[in-house]
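Student: Quick one: sequence and predicted model below, then my questions.
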Amino acid sequence: MDTADAELHGTHGGEGMTLIGWTLRAWRCWLLLACLCCPLWAVAFERAELVLPPGTERVALAPQLAYHHDAEDLDDLATAWRRVDGGEMMPLPDGVDAFGFQRGTFWFHARVVNREVHEPRWMLVQEYPLSDEVDLHVRYADGRVLHFAGGDHRPFASRAVRYRHPNFSFELPVGEPVDLLVRVRSQSSMQVPLQLYTPKAFTEVSRDAQLAIGLYYGIMLALFFYNLVLWLSLRDASYFWYLCHVSAFGLVLFTLNGLGFEYLWPHAPWMADHMVPISICLALVAMLQFSRTFLELPRRWPHGNVLLLALMAFFVLFGIASIWLPLRISTPVASRAVLVGVVGIVIATIVVLRRGYAPASLLLLAWSMFLLGTAAFTLLAFGLLPKNFATEYGVQIGSALEMLLLSIALGHRYAALRQENLRITAEANLRLERKVAQRTQEVRSALLRLEDAHARLRDSSRRDGLTGLYNRSWFREAFRDLAQQAKHSGTPLAVLMIDLDHFKSINDRHGHLAGDDCLRWAARCIGRILRPHDALLARFGGEEFVVAIPDCGLAEAGVIAEAIRYQLGDEACPSGQTRIRVTASIGVHVLDPQADTDLDDVLGSADCALYAAKANGRDCVELSTAG
Ligand SMILES: Nc1nc2c(ncn2[C@@H]2O[C@H](COP(=O)(O)OP(=O)(O)OP(=O)(O)O)[C@@H](O)[C@H]2O)c(=O)[nH]1
């Protein structure tokens, strides 16, 4: 197992049952078992000397390490050497080289004898990048002592190889015992997984680890830029929070890998220390906010929304507090809270999923991948799973799959939203079309009613209110058309002027209402006579009526006029209990279709004939003699 992986999750050894804590504990156990079993490290489990037999390329110092914890920070280098020489150093407790967060200074000692004749030069690598100060003192058999300094409180450039783990390069003369005394001081977790490598082995191991890390961050970057483009074009808040989540989670791993110190803040020890809890808090805030937005919690599960908001508030406040809090408090609390945050998200996801929100299933799968990857790595560390690529890089694979699935989930959610939008738009269009059709129908029927009303109004404006006949003004219009038609067709057009006789005396004798009855009755009688003739009948005014008969000569018109006169005089008009005798004088004129005669002249001619009839004693028909 590449111990770079242990950094991802094992920075806070001994601080509790978080995912990170479990992983670290498992790593320690595995390391112990591996040290006991590996034939390469063919050394007796005693602290005498660590012999490097021929063919050795790498070896962990843990089984042969002795240590002393100077909690009060009292010992100087001479005192430490005295303890080494006096046999006062203790073996590692249970062979585990991680002590959690501790005060003071730790001294570690191992005596190494190099039997590999081809490798006089070796490298000691502290495979935990977050230690503040790591000092290596190498004492040779001739009493010569060399000092090397490393750790993230020392300039990055001072490392033997520019690599994320503190490393030291020195000679191990063949067959000669050499004392390695390592002094470690750190506010971070006290972990000292010291490994000896030949330069060749170190190059190969670091190359493989860098490749794995590069692949991992390559995937992260691809996902980041892919979703950045999507966010810029779609402007969906979920994409923005996803970007924050990927960035912040990447920052956590970057810090834990030691890459933050190597590339981002090589001259800022404070950042190297405090970015662990701060980046964890940032990652969790982004993760929670992303989940809230993705799951549409305010709408779908308000209580869950409050829960996640509370968790976010905690991480925001704790992230700020981490600036001042000592690392031995901020880092373990933040890493424990990660589990609480993830559990909160998983619960919210399950609730929303059970409420029928399908895209939540991908979110659940994504978190499952993350947990599965971490679990695989943990089981490997406990020896319950075989070591292979999937188990060894479980955390990276799990988190990469998680990010990938989250990205797919975003796409799925967007597609679902678009589908929903299309459905809503289609429904709205349908509703709109129905409404438009309904409104059109209403407008159409209103128009019909209006047209009808208009027609009735126009008709009533043409009609005389008492008799129901056309009035004088409409007659003039209609007569003009008839005259025009007669002119075009060359047929005669007869005009009859009918005036009831002595109507004033009827009114005087029987009253105006009876007079009205007489007018209505006369109108009906005249209309009855004219029915077969397609004639135009109108009340000309007062007790006077006018008739136009198309295609009717003077003789025929005279006959019709006689029929009218006869009809009126023949019957008495019934009015209440009385019957009133009504007679009429009629003047007849026929329009010469060839002559360009004025309408008023025509009517005047008919009127003259009427006057003639009156003059002749009334109740008679007089034919016009006008040409
Ligand atoms: N009841 C009633 N009388 C009307 C109406 N319009 C006009 N008259 C009356 O008709 C009478 C017409 O009288 P005149 O013009 O003197 O004509 P006349 O009495 O019929 O005499 P001649 O036409 O010469 O036979 C007047 O008394 C009007 O008041 C109407 O709508 N109803």
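Tutor: Yep, that arrived.
Student: quick check: domain ranges of the chain?
Tutor: Following the assignment in automatic domain parsing, the chain carries domains at 41-205, 217-427, 472-623.
Student: CA atoms only for stretch 268-281, dumped as CSV, please.
Tutor: Listed next in CSV are the C-alpha coordinates belonging to stretch 268-281 (Å, rounded to 0.1, in the frame of the first residue of the first chain):
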residue,chain,number,x,y,z
ALA,A,268,3.6,29.5,4.6
PRO,A,269,3.8,27.0,7.4
TRP,A,270,0.6,28.5,9.0
MET,A,271,-1.3,27.6,5.8
ALA,A,272,0.2,24.1,5.8
ASP,A,273,-1.1,23.6,9.3
HIS,A,274,-4.5,25.3,9.2
MET,A,275,-5.7,24.5,5.8
VAL,A,276,-6.6,20.9,6.9
PRO,A,277,-9.5,21.9,9.1
ILE,A,278,-10.4,24.9,7.1
SER,A,279,-10.5,23.0,3.8
ILE,A,280,-12.6,20.3,5.4
CYS,A,281,-15.1,22.9,6.6
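Student: mind starting the numbering at 105 from now?
Tutor: Got it, first residue is 105 now, which makes that one stretch 372-385.
Student: and that stretch, how far out from the chain's middle?
Tutor: Centroid displacement of stretch 372-385 relative to its chain, using C-alpha atoms, centre = their mean, to the nearest Å, is 34 Å.
Student: Give me the buried stretch members for it, please.
Tutor: Using 16 or more other C-beta atoms under 10 Å as the test for burial, stretch 372-385 gives 373, 375-385. For glycine as for every other residue, the C-beta is placed from the backbone atoms N, C-alpha and C.
Student: who's in contact with residue 175?
Tutor: Remark: with contacts taken as C-beta atoms under 8 Å, 6 or more residues apart in numbering, residue 175 is in contact with 206-208.
Student: Please spell out the ChimeraX selection for the buried subset of those.
Tutor: With 16+ other C-beta under 10 Å as the burial test, the buried ones among the contacts of residue 175 are selected in ChimeraX as follows:
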select :206
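Student: Which one of the contacts of residue 175 is nearest to residue 231?
Tutor: Distance from residue 231 was checked for each of those by C-beta to C-beta. The minimum falls on residue 206, at 18.5 Å.
Student: can you list contacts of the helix or strand hosting residue 668?
Tutor: Take DSSP states H and E as the rule and residue 668 turns out to sit in helix 658-674. Identification of contacts with helix 658-674 by C-beta under 8 Å, 6+ apart yields 596, 598, 600, 602, 604, 626, 629-630, 632-634, 637, 639, 653, 656, 685-688, 690, 692, 694, 723-725, 727-728.
Student: Of the domains of the chain, give the one that comes closest to the ligand.
Tutor: domain 576-727 (2.4 Å; C-beta to the nearest ligand atom).
Student: Now do that closest one: distance from first to last residue.
Tutor: End-to-end distance for domain 576-727: 22 Å, by C-alpha to C-alpha, to the nearest Å.
Student: before we move on, the earlier item: just checking: what are the partner strands of the helix or strand following the helix holding residue 668?
Tutor: Helices and strands here follow DSSP H and E; after helix 658-674, the next one along the chain is strand 676-679. For strand 676-679, sheet partners with direction are given as strand 682-685 (antiparallel), following DSSP bridges.
Student: which residues does residue 715 contact?
Tutor: Contacts here follow C-beta under 8 Å, 6+ apart; on that basis residue 715 touches residue 691.
Student: Now the element after the one helix or strand it maps to, going C-ward?
Tutor: For residue 715, the enclosing helix or strand under DSSP H and E is helix 703-719. Tracing the chain past helix 703-719, the next element assigned as helix or strand by DSSP H and E is strand 725-727.
Student: For that next one, which helices and strands make contact with it?
Tutor: On a contact count with 3 or more C-beta pairs under 8 Å, 6 or more residues apart in numbering; DSSP states H and E, strand 725-727 meets helix 658-674, strand 688-695, helix 703-719.
Student: For residue 255, find the nearest of these.
Tutor: Proximity of the helices and strands packed on strand 725-727 to residue 255 was assessed by C-beta to C-beta; the nearest stretch is helix 703-719, lying at 122.4 Å.
Student: Quick check: buried residues in the helix holding residue 668?
Tutor: Using 16+ other C-beta under 10 Å as the burial criterion, the residues of helix 658-674 that qualify are 660-662, 664-665, 668-669, 672.
Student: close to the ligand, is that helix?
Tutor: No. Contact between helix 658-674 and the ligand is absent, the nearest approach being 13.2 Å (criterion: C-beta under 6 Å from any ligand atom).
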